[in-house]
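Asker: The amino acid sequence is not available; the structure is as follows:
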């Protein structure tokens, strides 16, 4: 029996050091807490006001803080909050609901690797939900961007440069087509790897 | 990738090879009547499947000879596409290495990896340069479907737009001619995928710049003719400089020679930049593009210049590093690309 335990220990790969692990755990706990705060704030504001109006302003500060902190996460999340919803009022409400559910689940899963089996199984549904949420948000913002010419620069100008934010957003949406399957299948492969190991350990015992 | 950055890579590779394979000194050829033939086994790197067994291989055979033998049995895998190594974790062997000098017994195992379809560097360089040349001209002549139909086949009324076309075209024609007649490309090939990546970058950048410079709504530089002339002189000066350096590097060693030499300034004043930097060709190239940016006053051009500068700095630092490793008496005044700065 002693030799098999030794084998397991030997087979375990060298993971991140103690400091890195501590940082990751704390980071994820803080992020989960932060997003929960925002969600709770949202619910309370809604209950107090009785409507969706002005909901965004009630949680604007913590939202901005935690979103910026999430720069370490997938870039699209930051992009959506600042570039789309911050600028496009009508879209904010819709974003919040698609977005937060996914974020809270995501961060809470990062708190402990013991939740991995859950995480890697839930993602089957959550990823498509999250992506459709993001796509719908961008799509909803499009008419407004076109009407106001938000973040766009036209010719002629002395820098001889132009930028069409509306076209850029459409391009971003189209880029999801090749990117999403890659991410999705990567998660599937990761799942096989991670959950495969879990099965190994349980066999040894 | 650039010609000279390549050479930096090959030097680094060579150094690592020398350190990793502790080669015993090659024995002087004996006058013995019996030659000990080697037996070489070719094993697939990933699957560990035995691909080929070569018996009676001459001890003086090179790695390239062995690759040719593999090619005979597997016609799809021409030598340029093969990577052979002594150990799965080791670096791949160079073509010139001789079998009997390698740290193997008379039965050797080589791990084989298919590098995929390859293209010669010359092919890649030419494709990279011909694209921008043609694409820019398409925008310059206002071919249909680019700008509004009322501008099709019209000519710009601004003198600077014509000048910019001449400069841009001159730059790429110069590069094509240099690739054909000046550069000595020592490395053989590169993977097919790279051509898409490299060409994509060059072609898209050219299209992006050309679109704005040749646009019917183009705005001429703020400081007028003075600014255009300043940009033009800087551009021309740096183009001549860049060419001078390429010629100097070519003349550094005779064709086919493998010895490395430190480049030094020659009688040509443009080569005096060698006192201050290891890669003056890159310095001049950045200077050319800065001149072109000033001349056209166009943000996409500035952006392209910045990206080119970053890439060339990476190459220059690599080259500078390999010079320092190779030569103990390397001039200490020199920096890699920007005098005294970088």
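Answerer: Great, that's in hand. Since the structure is predicted, the reported quantities are computational estimates derived from the model, not experimental observations.
Asker: what helix or strand does residue B:110 sit in?
Answerer: Element membership for residue B:110 (DSSP states H and E) is strand B:107-114.
Asker: That strand packs against which elements?
Answerer: Secondary-structure packing of strand B:107-114 (3 or more Cβ pairs under 8 Å, 6 or more residues apart in numbering or on different chains; DSSP states H and E): strand B:38-44, strand B:82-85. From N, CA and C alone the C-beta is placed, and that goes for glycine too.
Asker: and residue B:255, which of those strands is closest to it?
Answerer: Closest to residue B:255 of the helices and strands packed on strand B:107-114 is strand B:82-85 (Cβ to Cβ; 25.7 Å).
Asker: ok, the spatially closest residue to residue B:243 that is not a sequence neighbour to residue B:133 distance?
Answerer: In space, and not counting its chain neighbours, residue B:243 is closest to residue B:174: 6.6 Å by Cβ to Cβ, 6 or more residues apart in numbering or on different chains. To residue B:133, residue B:174 is 11 Å away according to Cβ to Cβ, to the nearest Å.
Asker: And residue B:221, by the same measure?
Answerer: 24 Å.
Asker: So which of those two has more stuff around it?
Answerer: For residue B:221 versus residue B:133, neighbours defined as other Cβ atoms under 10 Å in any protein chain shown are more numerous around residue B:221 (20 against 17).
Asker: for that one, what are its contacts?
Answerer: Counting by Cβ atoms under 8 Å, 6 or more residues apart in numbering or on different chains, residue B:221 touches B:160, B:227, B:228, B:231, B:294, B:295, B:296, B:297.
Asker: at 6 Å what do you get?
Answerer: By Cβ atoms under 6 Å, 6 or more residues apart in numbering or on different chains, the contact set of residue B:221 is B:227, B:228, B:297.
Asker: Next up, the contacts around residue B:109.
Answerer: B:41, B:43.
Asker: how about 8 Å then?
Answerer: By Cβ under 8 Å, 6+ apart, residue B:109 lies in contact with B:40, B:41, B:43, B:86.
Asker: Switch the residues you listed over to TSV; also include distance to chain A and neighbour count.
Answerer: Listed next are the contacts of residue B:109 as TSV, based on distance: Cβ to the nearest Cβ, whole Å; neighbours: other Cβ atoms under 10 Å in any protein chain shown:
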residue	distance to chain A	neighbour count
B:40	35	23
B:41	31	15
B:43	26	18
B:86	27	19
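Asker: Would you format those as TSV with pLDDT and distance to residue B:339 included?
Answerer: Output for these, formatted as TSV (pLDDT from 0 to 100; distance: Cβ to Cβ, whole Å):
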residue	pLDDT	distance to residue B:339
B:40	87	51
B:41	88	54
B:43	89	51
B:86	89	44
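Asker: Show the end-to-end separation of stretch B:91-101, please.
Answerer: End-to-end distance for stretch B:91-101, by Cα to Cα, to the nearest Å: 16 Å.
Asker: ok, now stretch B:211-221?
Answerer: End residues of stretch B:211-221 are separated by 16 Å (Cα to Cα).
Asker: now do stretch B:180-190
Answerer: This stretch, stretch B:180-190, spans 18 Å end to end (Cα to Cα).
Asker: buried stuff in it?
Answerer: For stretch B:180-190, burial by neighbour count (16 or more other Cβ atoms under 10 Å in any protein chain shown) applies to B:182, B:183, B:189, B:190.
Asker: closest to chain A among these?
Answerer: Ranked by distance to chain A (Cβ to the nearest Cβ), those are led by residue B:190 at 24.7 Å.
Asker: now for the helix or strand containing residue B:239, which elements pack on it?
Answerer: Per DSSP H and E: residue B:239 is located in helix B:224-250. Packing partners of helix B:224-250 (3+ Cβ pairs under 8 Å, 6+ apart): helix B:159-181, helix B:280-296.
Asker: And the average pLDDT for the strand holding residue B:110 is what?
Answerer: Mean per-residue pLDDT for strand B:107-114: 89.
Asker: what pairs with it, and is each one parallel or antiparallel?
Answerer: strand B:38-44 (parallel), strand B:82-85 (antiparallel) (DSSP bridges).
Asker: just the helices in chain B please.
Answerer: Assigned by DSSP state H, chain B shows helices spanning B:3-20, B:63-73, B:121-140, B:159-181, B:192-213, B:224-250, B:280-296, B:299-326.
Asker: Please list the residues of chain A that sit near chain B.
Answerer: Listed as neighbours of chain B in chain A under the rule Cβ under 8 Å from any Cβ of the partner chain: A:155, A:156, A:157, A:158, A:159, A:160, A:161, A:162.
Asker: Secondary structure for the residues you listed - can I get that in JSON lines?
Answerer: Shown next, in JSON lines, are the residues of chain A next to chain B (DSSP: H, G, I helix; E, B strand; the rest coil):
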{"residue": "A:155", "secondary structure": "coil"}
{"residue": "A:156", "secondary structure": "coil"}
{"residue": "A:157", "secondary structure": "coil"}
{"residue": "A:158", "secondary structure": "coil"}
{"residue": "A:159", "secondary structure": "coil"}
{"residue": "A:160", "secondary structure": "coil"}
{"residue": "A:161", "secondary structure": "coil"}
{"residue": "A:162", "secondary structure": "coil"}
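Asker: ranking these by neighbours, who comes first?
Answerer: residue A:160 (24 neighbours).
Asker: Can you tell me how far that residue is from residue B:215?
Answerer: Noted for residue A:160: a distance of 7 Å to residue B:215, by Cβ to Cβ.
Asker: likewise residue A:37?
Answerer: 50 Å.
Asker: Tell me which of these two has more neighbours.
Answerer: Between residue A:37 and residue B:215, counted using other Cβ under 10 Å, the more crowded position is residue B:215 (21 against 14).
Asker: Hmm, that one is touching residue A:155, no?
Answerer: Yes - judged on Cβ atoms under 8 Å, residue B:215 makes contact with residue A:155 at a distance of 6.2 Å.
Asker: Find the residue closest to residue B:50 in space, skipping its chain neighbours.
Answerer: For residue B:50, ignoring the flanking residues on the chain, the nearest one in space by Cβ to Cβ, 6+ apart is residue B:43 at 5.7 Å.
Asker: just to revisit the earlier point, just send the residues of chain A next to chain B back as CSV, with distance to residue B:243 and pLDDT too.
Answerer: Compiled in CSV, the residues of chain A next to chain B are given as follows (distance: Cβ to Cβ, whole Å; pLDDT from 0 to 100):
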residue, distance to residue B:243, pLDDT
A:155, 35, 88
A:156, 36, 91
A:157, 35, 91
A:158, 33, 91
A:159, 31, 92
A:160, 29, 93
A:161, 31, 94
A:162, 35, 93
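Asker: Which members of these are the farthest-apart pair?
Answerer: Among these, the pair separated by the greatest distance (Cβ to Cβ) is A:158 and A:162, at 12.4 Å.
Asker: Just list the residues touching the residue nearest to residue B:97 when sequence neighbours are not counted, thanks.
Answerer: Nearest residue to residue B:97, sequence neighbours excluded (Cβ to Cβ, 6+ apart): residue B:63, at 4.8 Å. By Cβ under 8 Å, 6+ apart, the contact list for residue B:63 reads B:84, B:93, B:94, B:95, B:96, B:97, B:99.
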